[in-house]
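>>> below are the sequence and a predicted model; questions follow.
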Amino acid sequence: MENIRDNEVYSTGTVNNDKYSPESEAEEEPTALTRSRLYLAGLGIFGALVAGTVIYMSVKMAVQRENINDLTTERNILIKERKLVENQELRQDNDNGCYTCLDDWILFRQKCYMFYDKPAPWKTWEQSRRFCQKNSSDLVVIGDLEEQEFVSKHIKYYHSEHHGYWIGLQHVNNTWTWVDGQRDTLGMEDRVNHDSYSTVPVTKDKLSPERDESQLISVWSFIHEDQSSGEAEEEPTAFTKSRLYLVGLGIFVGLVTTTLIYMSVRMATVLENIKDLKIKKSQLLLETTIMERQINALTLEIDKECGPCPDDWILFRQKCYMFYDEPAPWKTWEQSRRFCQDRRADLLAIGDLVEQKFINKHIKYYHSEHHGYWIGLQYVNNTWTWVDGQRDTLGFWAKNTVTSPGPKALVIPSQNPSESWKKENNEFLNKFICEHKARLRSN
């Protein structure tokens, strides 16, 4: 019996030893801590992949923005080129298709207008008129209400309500007179509408501090609840720390994923904008090409039909000359100049003796020995000055003249070319000579 009991005890001990042996513990599944570490490692890899994707898309976004800037710049250049082409096409329709307005000038009813909009310092009335005359023109003469409305449409408010744009109207001999010698019959007053300018305030939406703070408190409360899920008086175990890391990484991945979605949407919008810009660029290129072909065709047609000078003008050394030989009544110096300027020309400015001989060859005696042809020479600031702003250095004045000298110059027919100029007053009625540069043919 004792042997049997000993065997029973031994058998019982053997069974108990087999149940708690180390070999049985090694065969069990991984603990919760091990699984958390595996999850943590997986999420870390996923977060790294997402972060890499975000960086890649950020670089792509920067490249696409650069492409958009380039396309926008090209589009603006094409728009400017198109405007230039349109202006060139518009200029063909003036003076029978042969003569047009200069760059930055505006065509209206067979006249060209230049609105001086340079920054300060600006000019006095006399300086403004000399500036116009140097460009073979004069200060504007407003003929009717329609022309006044055109001018008002193209001027704008600047600096103060006391500033405006000089026009060719001045008070002479108790009368308001235009620079072409005509008396003013309109009597218009300028008006400025200050209410036509307004500003639009620009504001930016910002998140309120309360919203940001509430989001921060929500995250902290969530983490704090996770931390307080264990025993309050003990240090967090390794398993609790792993959970905290897991929660933090999950929040990070959520934020990165949201950013990735936002950037994907932005990328789609950017690509759509690029597509639209490319389409518009192609359309502008096509329209510009068509307009350039039309201008080339018009230019060829003009070259065939138009010579370097208008009809009844004479070509000499790449300039065109018009000798006014109409019967009386003739014109004053100012009226003669305005007549030339209306034809995109100006009174004659003689450059040398060769040109003077050419002029004397084409003028003829009429009415009396005191009459001649007005030229673009006048007495300004104690100096005889041409209408192009150059001081006279030739001095081809006639000798022994009997009339009292005036501030304007005539050229007298049948005289020695080097002694054929005569000083006269503006009111004396004479014929005159206009001059402008010849139109050169395109190759």
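That came through, no problem. None of these values were measured; they are calculated from a predicted model.
>>> quick one, helices of this structure?
2-19, 22-26, 32-91, 125-134, 145-154, 209-227, 238-305, 333-341, 353-362 (DSSP state H).
>>> mean pLDDT and mean neighbour count for these - can I get that in a markdown table?
Any C-beta I mention is one placed from the backbone N, CA and C, and that applies to glycine too. Listed next are those as a markdown table, based on pLDDT from 0 to 100; neighbours: other Cβ atoms under 10 Å:
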| stretch | mean pLDDT | mean neighbour count |
| --- | --- | --- |
| helix 2-19 | 44 | 9 |
| helix 22-26 | 52 | 8 |
| helix 32-91 | 79 | 14 |
| helix 125-134 | 92 | 16 |
| helix 145-154 | 93 | 13 |
| helix 209-227 | 38 | 11 |
| helix 238-305 | 83 | 14 |
| helix 333-341 | 96 | 23 |
| helix 353-362 | 96 | 16 |
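>>> got JSON lines for these, with distance to Asp392 too?
Below are these laid out as JSON lines (distance: least, Cβ to Cβ, whole Å):
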{"stretch": "helix 2-19", "distance to Asp392": "130"}
{"stretch": "helix 22-26", "distance to Asp392": "118"}
{"stretch": "helix 32-91", "distance to Asp392": "33"}
{"stretch": "helix 125-134", "distance to Asp392": "15"}
{"stretch": "helix 145-154", "distance to Asp392": "34"}
{"stretch": "helix 209-227", "distance to Asp392": "78"}
{"stretch": "helix 238-305", "distance to Asp392": "36"}
{"stretch": "helix 333-341", "distance to Asp392": "15"}
{"stretch": "helix 353-362", "distance to Asp392": "12"}
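>>> check Tyr158 and give its pLDDT.
Looking at Tyr158, its pLDDT reads 93.
>>> what residues are up against it?
Going by Cβ atoms under 8 Å, 6 or more residues apart in numbering, Tyr158 touches Asp117.
>>> domain parsing for this protein?
34-186+237-306, 314-437 (automatic domain parsing).
>>> Leu410: which of the helices of the chain is closest?
helix 333-341 (8.8 Å; Cβ to Cβ).
>>> can I get the CA coordinates of that closest one in CSV?
Extracted as CSV, the C-alpha positions of helix 333-341 are listed here (Å, rounded to 0.1, in the frame of the first residue of the first chain):
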residue,chain,number,x,y,z
TRP,A,333,0.5,130.3,-90.4
GLU,A,334,-1.5,128.6,-87.6
GLN,A,335,-4.2,127.5,-90.0
SER,A,336,-1.6,126.2,-92.5
ARG,A,337,0.0,124.1,-89.8
ARG,A,338,-3.3,122.7,-88.6
PHE,A,339,-4.1,121.8,-92.2
CYS,A,340,-0.8,119.8,-92.4
GLN,A,341,-1.3,118.1,-89.1
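>>> change the start of the numbering to 27 and stick with it
With 27 as the first residue, the last one maps to helix 359-367.
>>> contacts for it?
162-164, 167, 205-207, 348, 350, 357, 372-373, 400, 402, 404, 413, 434, 450, 452, 454, 456, 458, 460-461.
>>> of these, buried ones?
Buried members of the contacts of helix 359-367, scored by 16 or more other Cβ atoms under 10 Å, are 162-164, 167, 205-207, 348, 350, 357, 372-373, 400, 402, 404, 413, 434, 450, 452, 454, 456, 458, 460-461.
>>> strands - which of the residues you listed land there?
Met348, Asp372, Leu373, Trp400, Gly402, Gln404, Lys434, Glu450, Phe458, Cys460, Glu461 (DSSP state E).
>>> and stretch 393-407, what's buried?
Buried, per 16+ other Cβ under 10 Å, within stretch 393-407: His397, Gly398, Tyr399, Trp400, Ile401, Gly402, Leu403, Gln404, Val406.
>>> identify the residue spatially nearest to the fifth one, adjacent ones excluded.
It stands for Ile401. Leaving out its chain neighbours, the residue that sits closest to Ile401 by Cβ to Cβ, 6 or more residues apart in numbering is Leu374, at 4.6 Å.
>>> so who does that neighbour touch?
So Leu374 contacts Tyr347, Ile385, Ile401, Gly402, Val437, Phe458, Ile459, Cys460, Glu461 (Cβ under 8 Å, 6+ apart).
>>> and what of Tyr271?
Leu66.
>>> could you check how far it is from Ile277?
Here Tyr271 is placed at a distance of 11 Å from Ile277 (Cβ to Cβ, to the nearest Å).
>>> number of residues surrounding the spatially closest residue to Trp410 that is not a sequence neighbour?
Leaving out its chain neighbours, the residue that sits closest to Trp410 by Cβ to Cβ, 6+ apart is Asp418, at 4.4 Å. Using other Cβ atoms under 10 Å, Asp418 has 18 neighbouring residues.
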